[in-house]
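1. Predicted model and sequence follow; I will ask about them next.
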Amino acid sequence: MKRGKKYLEAAKAIDRTAQYDTEEAIALVKKCASAKFDETVEVHIRTGCDGRHADQQIRGAVVLPHGTGKTVRVLVFAKGVKADEAAAAGADYVGAEELIPRIQNEGWLDFDVVVATPDMMGVVGRLGRVLGPKGLMPNPKAGTVTMDVTKAINDIKAGKIEYRLDKTNIIHVPVGKVSFTDEQLADNFNALMSAIIKARPAAVKGAFLKSVTLASTMGPGVRLNTVKLMNA
């Protein structure tokens, strides 16, 4: 992969053989962010899980204390009173069966998170092939299948993010923007890591955190000290 001059210049500030403390890593990521837009700060966590086994899956959600810095658009599948409740709570879109053809046939995906009441999952299930690969399928573990749609919407708008293993057993999540203060990014990062360490499956043998890397959208990765993170 060919890298630009800015990337290569920024990468010189990072010792590839080192594992940094959280505060040092955040400072380096911010220093190395050189894009003209406000880059997202992302965490990439390589785990010792084997996601092919059900007892080694990780999936959950955590509310970041300072949000993600992104305006999140929420779609809620609900009917009747619950649809009214969702609209009142600030959902961007609310609907039921009538949304199926719009999403399936017209490719409408102008939303970032999907919430559904349990009674609507039969309807939402028909969108599995569209929503599933994009990580948009509502899930009880992530708190997006619930009767308490007000709480779900409030949490998401406040900075709730979902984490899950990808096919290579890595978790990729945003923890804020480069414009955040070091303290805000550290708070968000620590909240995420605390949740993920607590979610460690009992069936995982050996090292749970194989590597943890912080990076901005266009910047080089900075590796963190996994031993310190596990003992924090």
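-> Yep, it's here. Numbers count the residues shown, from 1 in each chain.
2. Report the backbone C-alpha coordinates of stretch 182-194 in PDB.
-> Taking Å, rounded to 0.1, in the frame of the first residue of the first chain, the C-alpha atoms of stretch 182-194 are listed here in PDB:
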ATOM      1  CA  ASP A 182      -6.300  14.400  25.500                       C
ATOM      2  CA  GLU A 183      -8.400  14.000  28.700                       C
ATOM      3  CA  GLN A 184     -11.700  13.400  26.800                       C
ATOM      4  CA  LEU A 185     -10.000  10.800  24.500                       C
ATOM      5  CA  ALA A 186      -8.400   9.100  27.500                       C
ATOM      6  CA  ASP A 187     -11.800   8.900  29.300                       C
ATOM      7  CA  ASN A 188     -13.500   7.500  26.300                       C
ATOM      8  CA  PHE A 189     -10.700   5.000  25.600                       C
ATOM      9  CA  ASN A 190     -10.600   3.800  29.300                       C
ATOM     10  CA  ALA A 191     -14.400   3.400  29.300                       C
ATOM     11  CA  LEU A 192     -14.200   1.200  26.200                       C
ATOM     12  CA  MET A 193     -11.300  -0.900  27.400                       C
ATOM     13  CA  SER A 194     -12.900  -1.500  30.800                       C
END
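3. how does this protein divide up, domain by domain?
-> 16-67+160-230, 74-158 (automatic domain parsing).
4. Compute the first-to-last residue distance for the longest one.
-> To tie it back to what came earlier, the one meant is domain 16-67+160-230. When the termini of domain 16-67+160-230 are compared using Cα to Cα, to the nearest Å, they are 21 Å apart.
5. Least confident secondary structure element in the chain?
-> The helix or strand of the chain with the poorest confidence is helix 5-11; it has a mean of 64 (mean pLDDT, DSSP states H and E).
6. mean confidence for the helix or strand containing Pro174?
-> Assigned by DSSP states H and E, Pro174 belongs to strand 170-177. Averaged over strand 170-177, pLDDT sits at 95.
7. Can you point out the buried residues in it?
-> Under the neighbour-count criterion of 16 or more other Cβ atoms under 10 Å, strand 170-177 has Ile170, Ile171, Val173, Pro174, Val175, Gly176, Lys177 buried. From N, CA and C alone the C-beta is placed, and that goes for glycine too.
8. Now the last one. Nearest residue, chain neighbours left out?
-> Read that as Lys177. Gly69 (3.6 Å; Cβ to Cβ, 6 or more residues apart in numbering).
9. ditto for the fifth one
-> On the basis of Cβ to Cβ, 6+ apart, the spatially nearest residue to Val175 that is not a chain neighbour turns out to be Asn188, at 4.3 Å.
10. Can you show me the helices along this structure?
-> Per DSSP state H, the chain carries helices over the ranges 5-11, 22-32, 80-89, 99-104, 121-124, 128-131, 149-158, 182-198, 226-230.
11. who wins for proximity to Val74 among these?
-> helix 149-158 (5.5 Å; Cβ to Cβ).
12. now the farthest one out in this protein, which residue is it?
-> For the chain, the residue at maximal distance from the C-alpha centroid (Cα atoms, centre = their mean) is Gly80, at 30.4 Å.
13. Could you tell me how many residues sit around Lys228?
-> 12 (other Cβ atoms under 10 Å).
14. Might one say that it is in contact with Asp21?
-> Yes: checked against Cβ atoms under 8 Å, the pair Lys228 and Asp21 is within contact range at 6.6 Å.
15. And the one residue sitting closest to the centre of the chain, how far from Ala152?
-> The chain has Val173 as the residue nearest its centroid, 3.8 Å off, counting by Cα atoms, centre = their mean. In this view, Val173 and Ala152 are 18 Å apart by Cβ to Cβ, to the nearest Å.
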